[in-house]
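S.K.: One predicted model, sequence on top.
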Amino acid sequence: MTGVVKRFGAVRALDTVELRVTPGTVHGLLGPNGAGKTTLLRMLLGLVRPDSGTVRVLGERVVPHRAPTGVAGFVESPRFYPYLSAQANLDLLAGLDGRHASVDTVDELLARVGLAGRGADQVSGFSFGMRQRLGLAAALLREPRLLILDEPANGLDPAGMRDMRALVRELAEDGRTVLLSSHLMAEVEQVCQDVTILSAGSVAYHGTLDALRDRAPAPAHHLRTSDDAAAGAAARGRVGIEVEPHRHGGLAVRAETADLDDYLLALAGAGVTVRALAQTSTSLEQLFLAATGEDG
Ligand SMILES: Nc1ncnc2c1ncn2[C@@H]1O[C@H](COP(=O)(O)OP(=O)(O)OP(=O)(O)O)[C@@H](O)[C@H]1O
């Protein structure tokens with residue numbers, strides 16, 4: 001998409017947005033709440049009309065209110081008929097596309113998304129995470145070349161998130177293009193090659209994760225010691241380390257692992273003991289927070 005603007009009253013949900021997704025990759029759309037991610041994904045599905053700019057998906061210009069060919073996915077939470085079974089819901093959706101979903105196809109899809117053997121169960125009994133999985137099955141039923149997933153890991157437990165990540169990677173290996181939104185850098189970092197960071201409707205970064213890593217500041221840590229004043233003084237003049245009082249007490253320390261190791265050894269040498277040390281954000285999270293003005 002190029003030069004896309006979308007206003008809702010006084011709010012500029014998207015402000016001259018450029019987005020290019022390379023075919024066959026997993027592209028992350030990252031941004032804090034309200035950054036415009038959902039609006040952008042809805043636009044790609046023909047559900048929101050841009051005020052200006054051009055939206056093309058798989059080479060075709062998107063026409064409002066018509067789902068582009070070769071694209072499937074869900075925006076916000078997938079919706080189903082609660083009193084029908086998972087199988088019946090998928091049958092209905094296939095029917096809308098003028099297709100028939102055989103029991104075998106549905107069983108295979110359900111197994112793929114981690115819902116094996118649940119086809120006959122009513123969706124009303126499904127947890128939020130199970131509905132996310134069923135949403136993915138519904139999207140895959142359409143055999144899309146571009147899969148759009150809005151916060152797909154929402155509502156999943158840690159094992160479910162791991163499965164979802166593995167599945168997304170597998171889908172890309174099969175040659176599909178995946179565009180997924182998230183407000184968590186950690187999630188994007190594990191599955192995406194490229195990322196577009198949105199902040200208040202504008203693109204704050206667009207490129208590969210590797211290039212982003214090259215610009216990332218050192219990871220942040222929360223350190224508690226037996227003598228924070230002495231620990232702060234010991235950091236002064238040291239290269240590769242930044243120390244300041246942490247807002248919850250103790251010290252906020254930014255450093256790469258090797259510099260942090262040297263600093264901790266120096267503290268021990270100065271008779272200062274470490275009582276707690278926790279990494280509070282990775283380098284990429286630091287960068288994301290800085291890019292979106294959320295680092296307070
Ligand atoms: N239909 C609408 N009517 C009015 N304002 C809207 C509408 N849809 C979105 N907005 C506004 O546009 C901005 C972007 O919203 P959007 O839902 O796209 O953000 P998001 O990045 O998906 O956030 P979240 O992570 O909270 O879902 C917000 O300020 C939101 O309030």
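M.R.: Ah, there it is.
S.K.: near the ligand, which residues of this protein?
M.R.: The chain has residues 8, 11, 13, 31, 33, 34, 35, 36, 37, 38, 39, 183 near the ligand, with proximity defined as Cβ under 6 Å from any ligand atom. (Glycine included, C-beta is placed from N, CA and C.)
S.K.: Low-confidence ranges, this structure, go.
M.R.: For the chain, the stretches with pLDDT under 70 are 295-296.
S.K.: if we go to 50?
M.R.: Applying pLDDT under 50 to the chain flags residues 296.
S.K.: Check it for its longest helix and report it.
M.R.: Longest helix in the chain by number of residues (criterion: DSSP state H): helix 158-173.
S.K.: what's it packed up against?
M.R.: strand 26-30, helix 128-140, strand 177-182, helix 185-191 (3 or more Cβ pairs under 8 Å, 6 or more residues apart in numbering; DSSP states H and E).
S.K.: Tell me the strands beside the next helix or strand after the longest one, with direction?
M.R.: Spelled out, it's helix 128-140. Remark: after helix 128-140, the chain's next helix or strand is strand 146-150, criterion DSSP states H and E. Note on strand 146-150: by DSSP bridges, its sheet partners are strand 71-74 (parallel), strand 177-182 (parallel).
S.K.: Domain boundaries for this protein, per the record?
M.R.: Following the assignment in automatic domain parsing, the chain carries domains at 2-70+144-214, 79-132, 216-291.
S.K.: Ok, which of those comes nearest residue 138?
M.R.: domain 79-132 (5.3 Å; Cβ to Cβ).
S.K.: Next, the buried residues of stretch 41-51.
M.R.: Within stretch 41-51, the residues that count as buried by 16 or more other Cβ atoms under 10 Å are 41, 42, 43, 44, 45, 46, 47, 48, 50.
S.K.: Do I have it right that the fifth one meets residue 70?
M.R.: No: between residue 45 and residue 70 no contact is recorded; they are 11.8 Å apart, counting by Cβ atoms under 8 Å.
S.K.: Deepest in the core, which of the domains of the chain is it.
M.R.: The highest mean neighbour count among the domains of the chain, using mean count of other Cβ atoms under 10 Å, belongs to domain 2-70+144-214: a mean of 18.
S.K.: Would you work out how far apart the start and end of it are?
M.R.: End-to-end distance for domain 2-70+144-214: 26 Å, by Cα to Cα, to the nearest Å.
S.K.: Report the contact partners of whichever residue of the stretch 101-250 of the chain sits closest to the ligand.
M.R.: Residue nearest to the ligand within the stretch 101-250 of the chain: residue 183 (5.3 Å; Cβ to the nearest ligand atom). Contact analysis of residue 183 by Cβ atoms under 8 Å, 6 or more residues apart in numbering lists 30, 31, 32, 33, 35, 37, 151.
S.K.: Including secondary structure, could the buried residues of stretch 41-51 go into CSV?
M.R.: Below are the buried residues of stretch 41-51 laid out as CSV (DSSP: H, G, I helix; E, B strand; the rest coil):
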residue, secondary structure
41, helix
42, helix
43, helix
44, helix
45, coil
46, coil
47, coil
48, coil
50, coil
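S.K.: Please tabulate those in JSON lines, including the columns distance to residue 291.
M.R.: Below are those laid out as JSON lines (distance: Cβ to Cβ, whole Å):
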{"residue": "41", "distance to residue 291": "20"}
{"residue": "42", "distance to residue 291": "23"}
{"residue": "43", "distance to residue 291": "22"}
{"residue": "44", "distance to residue 291": "22"}
{"residue": "45", "distance to residue 291": "26"}
{"residue": "46", "distance to residue 291": "29"}
{"residue": "47", "distance to residue 291": "27"}
{"residue": "48", "distance to residue 291": "24"}
{"residue": "50", "distance to residue 291": "24"}
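S.K.: From the ligand, how far off is residue 266?
M.R.: In this view, residue 266 and the ligand are 42 Å apart by Cβ to the nearest ligand atom, to the nearest Å.
S.K.: I'd assumed residue 233 was in contact with that residue.
M.R.: No: using Cβ under 8 Å as the test, residue 266 is too far from residue 233 to be in contact (10.9 Å).
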